[in-house]
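Engineer: Fold the stuff below for me.
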Amino acid sequence: MIFLIEYNPRENRTIQFREFSDSERAIAGEARLALELDLRHKGIDHEVVTLEAARKDILRRTHQRYFGYEVLNQFTLEDCCSPAV
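Structural biologist: Here you go, the predicted model:
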């Protein structure tokens, strides 16, 4: 899975969160570029990232900042690297 995230670091808030399948990699890249250009044109200073993970819950653990200050369970390397079910 590929995840496109727009994040406002000043407010510690995710503005936009979109999911793409691995086969939509090019679409995710185009969406990221379009979003970055739009934000720059509007003078909005947000982070825009695309991240790849087998599942969203793994992404929540490895990139906590995009999900607020919630308490997350620890995970093992096996959790991270096992195939998506």
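Engineer: Touching, residue 19 and residue 5? I think so.
Structural biologist: No: Residue 19 is beyond contact range of residue 5, at 10.2 Å (criterion: Cβ atoms under 8 Å). For glycine as for every other residue, the C-beta is placed from the backbone atoms N, C-alpha and C.
Engineer: More neighbours: the two, which one.
Structural biologist: A direct count of neighbours by other Cβ atoms under 10 Å for residue 19 and residue 5 places residue 5 higher, at 22 against 12.
Engineer: name the element that one belongs to?
Structural biologist: According to DSSP states H and E, residue 5 maps onto strand 2-8.
Engineer: Partner strands of the next helix or strand after that strand and their direction?
Structural biologist: Next helix or strand after strand 2-8 toward the C-terminus (DSSP H and E): strand 13-20. Strand 13-20 pairs in its sheet with strand 2-8 (antiparallel), by DSSP bridges.
Engineer: hey, C-alpha coordinates of the strand holding residue 5 in PDB?
Structural biologist: C-alpha atoms of strand 2-8 as PDB (Å, rounded to 0.1, in the frame of the first residue of the first chain):
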ATOM      1  CA  ILE A   2       1.000   3.600  -0.600                       C
ATOM      2  CA  PHE A   3      -0.200   6.400   1.600                       C
ATOM      3  CA  LEU A   4      -0.300  10.000   0.600                       C
ATOM      4  CA  ILE A   5      -0.400  12.300   3.700                       C
ATOM      5  CA  GLU A   6      -0.800  16.100   4.000                       C
ATOM      6  CA  TYR A   7       0.300  17.200   7.500                       C
ATOM      7  CA  ASN A   8       0.200  20.500   9.200                       C
END
